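**Q** Got a sequence here, can you build the structure:
(chains A, B, C, D and E)
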Amino acid sequence: MLVNCVAYQDGRKLADIPKEDISEYVKRPDCFVWVALKDPSATELEEMREEFSLHELAVEDAQTGHQRPKIEEYGDSLFAVLHTVEIQGDDLGVGEVDIFVGPNYILSVRIGTERGFADVRARCEHEPHLLKFGAAYVFYALMDKVVDRYFPVLDALETELETVEEQIFVKNAARSNIEALYALKRKLMTLKHAVDPLMEAVGKLYGGRVPQICAGMGEYFRDVFDHLQRLHAAIEGIRDMQTTAIQVNLGMINLNETEVTKKLAGWAAIIAVPTLIAGVWGMNFKHMPELELDYGYPLAIVAMIAIDVGLYLWFKKIRWL
Amino acid sequence: MLVNCVAYQDGRKLADIPKEDISEYVKRPDCFVWVALKDPSATELEEMREEFSLHELAVEDAQTGHQRPKIEEYGDSLFAVLHTVEIQGDDLGVGEVDIFVGPNYILSVRIGTERGFADVRARCEHEPHLLKFGAAYVFYALMDKVVDRYFPVLDALETELETVEEQIFVKNAARSNIEALYALKRKLMTLKHAVDPLMEAVGKLYGGRVPQICAGMGEYFRDVFDHLQRLHAAIEGIRDMQTTAIQVNLGMINLNETEVTKKLAGWAAIIAVPTLIAGVWGMNFKHMPELELDYGYPLAIVAMIAIDVGLYLWFKKIRWL
Amino acid sequence: MLVNCVAYQDGRKLADIPKEDISEYVKRPDCFVWVALKDPSATELEEMREEFSLHELAVEDAQTGHQRPKIEEYGDSLFAVLHTVEIQGDDLGVGEVDIFVGPNYILSVRIGTERGFADVRARCEHEPHLLKFGAAYVFYALMDKVVDRYFPVLDALETELETVEEQIFVKNAARSNIEALYALKRKLMTLKHAVDPLMEAVGKLYGGRVPQICAGMGEYFRDVFDHLQRLHAAIEGIRDMQTTAIQVNLGMINLNETEVTKKLAGWAAIIAVPTLIAGVWGMNFKHMPELELDYGYPLAIVAMIAIDVGLYLWFKKIRWL
Amino acid sequence: MLVNCVAYQDGRKLADIPKEDISEYVKRPDCFVWVALKDPSATELEEMREEFSLHELAVEDAQTGHQRPKIEEYGDSLFAVLHTVEIQGDDLGVGEVDIFVGPNYILSVRIGTERGFADVRARCEHEPHLLKFGAAYVFYALMDKVVDRYFPVLDALETELETVEEQIFVKNAARSNIEALYALKRKLMTLKHAVDPLMEAVGKLYGGRVPQICAGMGEYFRDVFDHLQRLHAAIEGIRDMQTTAIQVNLGMINLNETEVTKKLAGWAAIIAVPTLIAGVWGMNFKHMPELELDYGYPLAIVAMIAIDVGLYLWFKKIRWL
Amino acid sequence: MLVNCVAYQDGRKLADIPKEDISEYVKRPDCFVWVALKDPSATELEEMREEFSLHELAVEDAQTGHQRPKIEEYGDSLFAVLHTVEIQGDDLGVGEVDIFVGPNYILSVRIGTERGFADVRARCEHEPHLLKFGAAYVFYALMDKVVDRYFPVLDALETELETVEEQIFVKNAARSNIEALYALKRKLMTLKHAVDPLMEAVGKLYGGRVPQICAGMGEYFRDVFDHLQRLHAAIEGIRDMQTTAIQVNLGMINLNETEVTKKLAGWAAIIAVPTLIAGVWGMNFKHMPELELDYGYPLAIVAMIAIDVGLYLWFKKIRWL
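**A** Predicted coordinates for the structure are as follows:
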């Protein structure tokens, strides 16, 4: 589906143009065309391939989808794949944004993502002094937006970890904690797979040799790289704590087992000792003088209770009960 | 066994040729020969060595088999070893494809693999504009096919992991989960040993200094590299989750142990308490007035049952039963 | 909030100047201005941006806060982000210091930190021979101070680890140890996130190609790098021991479980054996000659006690009790 | 002990020569001398040092022994240390081969190894076209042989791992498995310490800048490197599986514990329930009508058995027995 | 404390000189001065700083102490920090040696170490042909000695590991093993922190660009590097085995727990079954014909014993007892 197709000149919007006219505008040296597609059909992509003379392998990638994030040079143009990551209920949804950038065109293809980039277009059109940089600036703005949208996801994961941490030393929470930690790990991996390869790719857009298109925009791409590095470090930090949390959880489970065994032992003693005493006075010996006593029975009961109270207090003292 | 032996010129098939004529066609500058062998005998390999003047060490490797994936330069020719990985029932089968590429020949040697490369030949013959690139293009097409065949294997492993994940918090599934996780690890390692060394090797076929033969095909080899990187990242992802899954599994086993102990304790109490009471009224004291009561016995039974119902409800409440 | 605004010439303080005059002093070639802000408002930052013509992206970072430590070049000026780490009760508090350095100005922005840098200013003003180096020397002095303040934090963490280590083989301390180890890990990660990225960044301020501003100060920045490396190594060392300590803790928990089970078994035997004996003599067989004996009963009791003493000693010997 | 001392020219053996004549032959430009020592005395090494003018530090290393594998350049000669690894009963035996290579000599010193290199000498003498390369070829042939002898060791370790894997899910094999896995780890480390440093060292004998002596032999040293890489990858693979196997083993031990506890609980119930019933009918209440019944006793026994059969079947059903 | 202060010329000792004359001797081109300090006061260091014109930052480091091992260039001189590691009872003691080397002086500062370097001085003075190399050779000799003294420590740690390994599958040794493994880890980290940074630093003293002072001594520094690499590899090997040993230890603890539970279950059965039987014959049914038998009682006892013997043998067979 074609979302937008606009020509720009000197940092200002010229006009919405029909897609047939794209190749015409692309030829004008001081002008660039910005096209946005959403879940395009094979035909639409083929049209774009012809209008912009895109490389076959890049178009194939965009068609197949499920690429890992990357930025590839094809002659003087770039092909970038980015993952969008969105919180969907209890899980994370992953979409894809494929961007083709040439000296005077930018084509963004959104696949399986709800949120569009209308705000990026609006921001760019309000900053003509920056939009003058042309397609490369739009490329930066799109990447910046995609990366910015990772941060709320990261915050959600940090909150999840904190929730687990508050519960981790609470008794009887071991099962829900371990489930939460596993789910957290899954989501972390999803975010990590979006961030890490992109970080590596963006790192090549500034500094030493950079693609011609990105020249002079180094500080902007470094800024994106810096955000990605921050995400990367935070993800690694959560992973590290998550690993430790799983180990600690195992320790808590085993500690709990010990406590259950202690309780079992304590109560077993409290029941078994009077049972033994009752057994003794249940023996059938002829001569058992205490059995003849008038107060033998109540005394026996009192003795049993006294012993049990003693045992109970002692087990309390050593914290077995 | 000789599978095919065909000469090509200008991206088009010239003719199936007898193997004796190979050296003749190889001499023609604008022509290249594509030979496919399957589980060749030592004699067949020796013939090929002579026809193509292959390097002794490379032929020795092809003869011995069981190489790790690699791409080696011998003068202006390349020797590549690739692993094929196929799902065979519950396990993975590993075969080997050895490829010798020179400026105007390509020799593929298939060892221990069922599936051939007839489809690669068909595809190449239908793309004369690409086949014009000569032996290097065929080399790319073969590698691309081998690598493409890793993806269904990867999908199967991802499905296996998901199956385990669905079971991992289910009671009494710990044993089958742990067996499944170990089997998964084994298969992952097999796939990893096919992918990782190849990725490293293909990474040297584009970018900076590349073997003469591969010049001008950079984008194609980068595409193969990209696929391998995707496989690599997915394998690492599965490994990481698998490691966590094993830890979680251990936690579940220990949690289960605690639950069994709690159950044991609960039922022990329910049996032991009335046993104690019966013991008390089984004592032989002379003066035990309640024993004389007409309804003493039924009251005693009722008391025992009442206590046990109380215990049962209490253990239910604290989730020990 | 503006803390200070001072102009220096030839290593000596010229005067406290109003912020409106900054741009004027900055123009003088042999003079530099040192401004310190604390938790500045957006307006204050905007003023500074204009006075010093700072880069938009850098100012944006300072405004947003929560950056990871980094040092970035913007033309001939530098933008550095440092974390301050302070012990706050049982936890660590993290603040931020953002530093903008140009050929003849230095602007430090302190966010969320209590402790200021008045001592740095005092030290610099007492070392005119060093302050002659200009803004770069102040930059070094600020970094050096921030890094120096990490050491007491590190010492505190080392002490925490030692406290745990003293307790780790002590019985019944497992729960508090595991909680302490988890808290330690959290704090370590906080310190690590302050130290590691900074170390990486400072490593680029000496040696090969360095930013123009830092030229000739290599030995000083290497000294900061060396301190950071020491911190890094110590942090990694603590992490490593902490990981092992968690494993050892798990072992101790399980050992303890075994000991509890042994105790349970021992006492169970001591109670169950006389219960069995009492049961035997409680049977109702007609002919049980020992029941008729005058001293049958006391002998029975003595036998029970004797057996229990024997069991007790034996369990002591095998260390089950 | 001097094993051999032979002079070669043009790829052919000239003669066995006495060691006093070595320096004389070494002076001839087209000739090289190959000396093999076994567990040499200090005097023998000193003689060799003088004949070949070896570097003091290298000779010292050969004398001391217990070096890690390495290849060092001393001027235009090389000094290599290799480990031999042999299966000795249940353990691995490590020996050392020190090789000094110069433009026209090669001296191999075998320490603590049974198997010699007579077959290398035989092979070399049968390949005069290769032996023409001189000392460097002999160097390659010796290394190749040492490395080739690692493969049977690797196979043995793989077999050990497979043996454990077959047993790992078998009940009651946990103890022997864990012992086998630890022993396997030990041996793996031994092999790893022989392979990894050598791989690193051999990697510098081909490709970019190589020692003068090895020039033109690149493909041969790459072949050795390739074998070492294969060994390295296989060792890492076994290590990885071994680590997982230890974790799985721990899981099996804990699973087994749970099963024992379940069995204990099941049988305890089967014994305790009839004990309770017997206790009830052992009470001394006056009015217990069922005690008067003619068939009371047999009915009681039948009831007890019926309850136990029911319990038994139920425990079987929930797989506790 | 000044230990020595000697001037050398042409590899031979000139004279013990008073420290006031140092600067004079340092000026002579063919002469060098070797000073050894032990736990110096601030004043002594200040004197030396003036005599040798040492860099302020280096002297500050020597004064503060507790540096990590490093080698730093200050102009044409070097500043090295080395750790000495000594076995002190059950623990390792760490001292520091700081070395300042210039073209014609060497100053060694020993802090917190008992063992001095008199033997190094003696060795150097007996090797005038090497001492001619000047200060750099003394620098090598000192480092070589410090590094050589790590080996006995390493041997002690290897012995400790072996001691644990012999005990690791022995029952009831789990607690002492785990304590020993933790202590071993501590000591390993101490040695590692001495070795690894030094290895890194020494690696820059030979090969490509080296400090002017070390030129021509490459083979000697490589020898030190080689020793450090050997230490490094051995330390990593012990660490790796230690990690596995801790896991194995945990497995043994859990195995032991299972065995204790089995024993508990076995003996419980042996006591509980006759208790049940006694309970049955203790019931008060009117018609229990076997109670009337003359030999009922002895037969009952015999039956109980027979059942217990049977149980005992059966538990022995399944290895629960």
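**Q** Now for the residue in chain A that chain D sits nearest to, how many residues are close by?
**A** For chain A and chain D, the shortest gap (CB to the nearest CB) falls at A:Gly282, measuring 7.4 Å. (Glycine included, C-beta is placed from N, CA and C.) Burial measure for A:Gly282: 24 neighbouring residues, criterion other CB atoms under 10 Å in any protein chain shown.
**Q** cool, A:Pro274 as well?
**A** Each residue near A:Pro274 was counted by other CB under 10 Å, and the total is 21.
**Q** For it, pull up the helix or strand it's in.
**A** With elements delineated by DSSP states H and E, A:Pro274 resides in helix A:218-281, which encompasses its position.
**Q** go on, A:Leu321?
**A** A:Leu321 is part of no helix or strand when elements are defined by DSSP H and E.
**Q** Which elements pack onto the one helix or strand A:Pro298 maps to?
**A** In this structure, A:Pro298 sits in helix A:296-317 according to DSSP H and E. Under the contact criterion of 3 or more CB pairs under 8 Å, 6 or more residues apart in numbering or on different chains; DSSP states H and E, the helices and strands touching helix A:296-317 comprise helix A:218-281.
**Q** Now do the helix it packs on, average pLDDT.
**A** Per-residue pLDDT over helix A:218-281 has a mean of 95.
**Q** what about that helix, near chain C?
**A** Yes. Under the criterion of CB under 8 Å from any CB of the partner chain, chain C is reached by helix A:218-281 at A:219-220, A:222-223, A:226, A:229-230, A:233, A:237, A:240-241, A:244-245, A:247-248, A:250-252, A:254-255, A:257-258, A:261-262, A:264-265, A:268-269, A:272-273, A:275-276, A:279-280.
**Q** now that helix against helix A:296-317, angle please.
**A** Helix A:218-281 and helix A:296-317 are oriented at 160 degrees to each other (axes from the mean of the first three to the mean of the last three CA atoms, to 10 degrees).
**Q** can you tell me if helix A:218-281 touches chain B.
**A** Yes. Contact between helix A:218-281 and chain B is present through A:243, A:246-247, A:249-250, A:253-254, A:256-257, A:260-261, A:263-264, A:267-268, A:271-272, A:274-275, A:278-279, A:281 (criterion: CB under 8 Å from any CB).
**Q** how about A:Phe79, secondary structure?
**A** strand (DSSP: H, G, I helix; E, B strand; the rest coil).
**Q** meant to ask about A:Glu73
**A** What three-state DSSP gives for A:Glu73 is strand.
**Q** ok, the closest residue to it other than its chain neighbours - contacts?
**A** Taking CB to CB, 6 or more residues apart in numbering or on different chains as the measure, A:Glu73 lies nearest to A:Pro211, with 5.4 Å between them; neighbours along the chain are not counted. Shown in contact with A:Pro211 (CB atoms under 8 Å, 6 or more residues apart in numbering or on different chains): A:73, A:76, A:78, A:205.
**Q** and if you look at A:Cys214?
**A** With the criterion set at CB under 8 Å, 6+ apart, A:Cys214 makes contact with A:78, A:136, A:139, A:205-206, A:221.
**Q** any residue of stretch A:129-144 up close to chain C?
**A** No. Judged by CB under 8 Å from any CB, stretch A:129-144 stays clear of chain C, getting no closer than 9.8 Å.
**Q** residue ranges for the helices of the stretch 1-150 of chain A, please.
**A** For the stretch 1-150 of chain A, the helices defined by DSSP state H, counting those that start in this stretch cover A:22-27, A:42-52, A:56-64, A:118-126, A:128-131, A:135-148, A:150-167.
**Q** tell me what the third one is packed against?
**A** Yep, that's helix A:56-64 we're talking about. helix A:42-52, strand A:70-74, strand A:77-88, strand A:91-102, helix B:218-281.
**Q** Report the angle between the longest one and helix B:135-148.
**A** Going back to what we said before, that points to helix B:218-281. 10 degrees.
**Q** Contact residues of the stretch 1-150 of chain A facing chain B?
**A** With CB under 8 Å from any CB as the criterion, the stretch 1-150 of chain A meets chain B at residues A:55, A:57, A:67-68, A:70, A:72, A:74.
**Q** Can you tell me which of the residues you listed has the most neighbours?
**A** The most neighbours of any of these, using other CB under 10 Å, belong to A:Arg68, which has 21 neighbours.
**Q** Could you double-check that A:Phe32 lies in contact with A:Leu107?
**A** No. With contact defined as CB atoms under 8 Å, A:Phe32 and A:Leu107 do not form a contacting pair (11.0 Å).
**Q** rewinding a little: how far off centre is the helix holding A:Pro298?
**A** 58 Å (CA atoms, centre = their mean, to the nearest Å).
**Q** What of stretch A:35-52?
**A** Here the centre of stretch A:35-52 is set off from its chain's centre by 31 Å, with CA atoms, centre = their mean.
**Q** what separates A:Ala118 from A:Lys145, distance-wise?
**A** Counting by CB to CB, to the nearest Å, the separation of A:Ala118 from A:Lys145 is 10 Å.
**Q** err, A:Glu56, not the other one
**A** A:Glu56 sits 28 Å away from A:Lys145, taking CB to CB as the criterion.
**Q** Have a look at these two and say which one is more surrounded.
**A** Neighbour count, other CB under 10 Å: between A:Glu56 and A:Lys145, A:Lys145 has more, with 17 against 11.
**Q** Quick check: the closest residue to that one other than its chain neighbours vs chain B, distance?
**A** Distances taken as CB to CB, 6+ apart put A:Val120 closest to A:Lys145, at 4.9 Å, once the chain neighbours are dropped. For A:Val120, the distance to chain B (CB to the nearest CB, to the nearest Å) stands at 27 Å.
**Q** rewinding a little: columns distance to D:Ala15 and neighbour count on top of the contacts of A:Cys214, output as JSON lines?
**A** Rendered in JSON lines, the data for the contacts of A:Cys214 read as follows (distance: CB to CB, whole Å; neighbours: other CB atoms under 10 Å in any protein chain shown):
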{"residue": "A:Leu78", "distance to D:Ala15": "69", "neighbour count": "24"}
{"residue": "A:Ala136", "distance to D:Ala15": "75", "neighbour count": "23"}
{"residue": "A:Phe139", "distance to D:Ala15": "76", "neighbour count": "25"}
{"residue": "A:Leu205", "distance to D:Ala15": "68", "neighbour count": "25"}
{"residue": "A:Tyr206", "distance to D:Ala15": "68", "neighbour count": "18"}
{"residue": "A:Phe221", "distance to D:Ala15": "71", "neighbour count": "22"}
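**Q** my guess is A:Arg175 contacts B:Asn254, does it?
**A** No. Assessed by CB under 8 Å, A:Arg175 is found out of contact with B:Asn254, at 10.8 Å.
**Q** who has more neighbours, those two?
**A** Neighbour count, other CB under 10 Å: between A:Arg175 and B:Asn254, B:Asn254 has more, with 27 against 17.
**Q** pretty sure the more buried one contacts D:Ile253?
**A** No. Counting by CB under 8 Å, B:Asn254 does not reach D:Ile253; the two are 10.9 Å apart.
**Q** and A:Glu127, how many neighbours?
**A** Counted with other CB under 10 Å, the neighbours of A:Glu127 add up to 14.
**Q** Tell me the backbone dihedrals of whatever residue of the stretch 151-300 of chain A ends up closest to chain E, please.
**A** Of the stretch 151-300 of chain A, the residue with the smallest distance to chain E, taken as CB to the nearest CB, is A:Gly282 at 7.4 Å. With angles defined as degrees, to the nearest 10, A:Gly282 shows backbone torsions of phi -90, psi 0.
**Q** Could you check how far it is from chain C?
**A** When distance is defined by CB to the nearest CB, A:Gly282 is 5 Å away from chain C.
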